[in-house]
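In: Starting from these lines, generate the structure:
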Amino acid sequence: MTKIKSGSKPAKRGYLYENKFVELVNKNEKFNQSLKRLLKIKGRLKAKRITDNRKKTDVKLIVDNKKEIGLSIKTAEANFNQLERVWLRELARRHNMPKNIENKVNECLREKSKNRKGKFILDKYRDGILDYFKKNLKPILKDIFSKNEENLKYLAVCVFVKDRWHIALMDEVIKEISKSGLSTTVAGVIKIGDYLTLQRKGGDGAHVKLPKSDPRHPGNQLQFKIKPISLLDLNIFQEIKY
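Out: Residues are numbered from 1 along each chain as shown. Below you'll find the predicted structure:
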């Protein structure tokens with residue numbers, strides 16, 4: 001029996017389907033050959049799951065026991081999954097966020113923590129914050145999708161209710177999403193096309209003794225969410241038929 005790590009239901013499903021992908025590559029000849037054709041791989045192909053949760057790479061493909069190719073897997077039931085959560089100060093540091101923009105986002109986080117029904121991105125700061133993300137969208141996407149891991153080359157999406165697998169080059173996914181327009185919802189959540197959203201993570205964190213308004217409270221992290229099924233509308237994904 002496959003051992004599944006503890007965690008949320010979506011996380012457990014993710015581990016399950018990472019293992020399933022590995023089993024398909026290693027034990028299903030039709031899946032293996034279909035994947036090799038799509039990726040133009042010659043030679044023997046096998047797969048191994050990555051167990052380091054700090055990595056964005058979920059599975060590594062191994063060609064002839066030598067070359068390694070990283071793969072990230074997203075499973076789709078509901079069309080919203082967490083992609084990344086990050087402290088504002090870390091995002092600001094990694095992407096040269098101007099201090100005035102960082103302060104504005106920080107105020108938005110603080111105000112949202114005080115009023116769960118309030119807007120996240122406040123109207124008075126909306127244009128400046130969106131302008132920053134528009135100008136820096138591509139490197140931010142590369143960061144949250146791959147953490148700039150050199151060997152992470154592909155993104156696979158499994159529509160698990162249909163048990164269908166689709167794959168695309170990670171760079172192509174990032175390139176296409178980076179063309180998207182940015183907007184905000186009525187709740188002040190940032191929309192990146194029809195593919196991603198950015199919001200305050202939220203959650204009461206019952207085990208955390210800090211007040212929710214404290215910037216160190218984990219609910220005040222930024223959370224990027226992804227819509228895996230909508231990604232398939234980019235028309236850059238190919239189905240792995242078997």
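In: only C-alpha atoms for contact and neighbour calcs from this point on.
Out: OK.
In: Show me the helices in the chain, by range?
Out: Secondary structure of the chain, counting by DSSP state H: helices at 9-27, 29-39, 88-94, 99-114, 126-135, 137-146, 170-177, 228-231.
In: Which strands or helices does the shortest one pack on?
Out: In terms of contact count using 3 or more CA pairs under 8 Å, 6 or more residues apart in numbering; DSSP states H and E, helix 228-231 is assigned the packing partners strand 67-76, strand 152-159.
In: Output the ones you listed in TSV; the columns should cover mean neighbour count, distance to R216 and mean pLDDT.
Out: Shown next, in TSV, are those (neighbours: other CA atoms under 10 Å; distance: least, CA to CA, whole Å; pLDDT from 0 to 100):
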stretch	mean neighbour count	distance to R216	mean pLDDT
strand 67-76	21	29	93
strand 152-159	22	31	96
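In: so which of these gets nearest Q223?
Out: Closest to Q223 of the helices and strands packed on helix 228-231, according to CA to CA: strand 67-76, at 16.3 Å.
In: how much does that closest one deviate in direction from strand 152-159?
Out: 30 degrees (axes from the mean of the first three to the mean of the last three CA atoms, to 10 degrees).
In: so which of the helices of the chain gets nearest D194?
Out: helix 228-231 (6.8 Å).
In: List the buried residues of that closest one.
Out: Buried residues in helix 228-231, defined by neighbour count with 16 or more other CA atoms under 10 Å: 228-229, 231.
In: swap in stretch 89-102?
Out: Quick answer for stretch 89-102 (16+ other CA under 10 Å): 91, 97, 101-102.
In: Dump the helices of the chain to JSON lines, plus mean pLDDT and distance to S183.
Out: Below are the helices of the chain laid out as JSON lines (pLDDT from 0 to 100; distance: least, CA to CA, whole Å):
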{"stretch": "helix 9-27", "mean pLDDT": "83", "distance to S183": "27"}
{"stretch": "helix 29-39", "mean pLDDT": "98", "distance to S183": "35"}
{"stretch": "helix 88-94", "mean pLDDT": "97", "distance to S183": "19"}
{"stretch": "helix 99-114", "mean pLDDT": "96", "distance to S183": "15"}
{"stretch": "helix 126-135", "mean pLDDT": "98", "distance to S183": "7"}
{"stretch": "helix 137-146", "mean pLDDT": "97", "distance to S183": "13"}
{"stretch": "helix 170-177", "mean pLDDT": "97", "distance to S183": "14"}
{"stretch": "helix 228-231", "mean pLDDT": "93", "distance to S183": "17"}
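In: can you tell which of those helices is closest to D214?
Out: Per CA to CA, nearest to D214 of those: helix 99-114, 7.8 Å.
In: for the residue lying farthest from the centre of the chain, what are its contacts?
Out: Using CA atoms, centre = their mean, the residue of the chain lying farthest from its centre is G43. It sits 30.6 Å away. By CA atoms under 8 Å, 6 or more residues apart in numbering, the contact list for G43 reads 63-64.
In: Can you tell me the centre-most residue of this structure?
Out: L83 (2.6 Å).
In: Domain parsing of this protein, as residue ranges.
Out: 9-78+145-175+231-239, 81-142+180-227 (automatic domain parsing).
In: what about the last one, how long is it end to end?
Out: As for domain 81-142+180-227, its first-to-last residue distance stands at 6 Å under the measure CA to CA, to the nearest Å.
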